[in-house]
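K.L.:
Model the following, please.
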Amino acid sequence: MDPIKLPSLVHYELILQVLERQTMIAADRDPIVRERVQQLIVTLRKALSQHKLLEDTCRHQQMELEHVWALNSVIGKQGVTTRD
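P.N.:
As a prediction, the model looks like this:
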């Protein structure tokens, strides 16, 4: 069985850090934009939590996981690089 492909958790952390450290500072001037950014941060934190639960479930079911770092190139089973 092929491994379950999931994005790396680092991707969530990167987006959250940008939103919290940079976007929120710029959005602080407008209450509507600030609220939308806060909603986005909450949504991403929920997605991260769901992702971790999925990983735990897969491990419990003894399913192999593979973290995907990018879509630009994927190494195939024969070691050939392909473009997505």
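K.L.:
Need the mean per-residue confidence for stretch 26-33.
P.N.:
Averaging pLDDT along stretch 26-33 yields 93.
K.L.:
Can you tell me what sits against that stretch?
P.N.:
Contacts of stretch 26-33 with the rest of the structure, by CB atoms under 8 Å, 6 or more residues apart in numbering, involve Arg34, Arg36, Val37. (C-beta placed from N, C-alpha, C; glycine too.)
K.L.:
for this protein, longest helix please?
P.N.:
Using DSSP state H to define each element, the chain has its longest helix at helix 31-60.
K.L.:
returning to what we had before: if we take the contacts of stretch 26-33, which one ends up nearest to Glu13?
P.N.:
Val37 (16.7 Å; CB to CB).
K.L.:
SS state for the residue sitting furthest away from the middle of the chain?
P.N.:
For the chain, the largest distance from the centre (CA atoms, centre = their mean) belongs to Arg29, which lies 27.9 Å off. At Arg29 the chain is in coil, as set by DSSP: H, G, I helix; E, B strand; the rest coil.
K.L.:
quick one: it and Leu19, what's the gap?
P.N.:
With the distance defined as CB to CB, to the nearest Å, Arg29 ends up 16 Å from Leu19.
K.L.:
Lys5 too?
P.N.:
For Lys5 relative to Leu19 (CB to CB), the value is 25 Å.
K.L.:
before we move on, the earlier item: which element is encountered next along the chain beyond the longest helix of the chain?
P.N.:
strand 65-68 (DSSP states H and E).
K.L.:
If you count contacts, what does that following strand end up packed against?
P.N.:
For strand 65-68, the packing partners by 3 or more CB pairs under 8 Å, 6 or more residues apart in numbering; DSSP states H and E come out as strand 4-7, helix 31-60.
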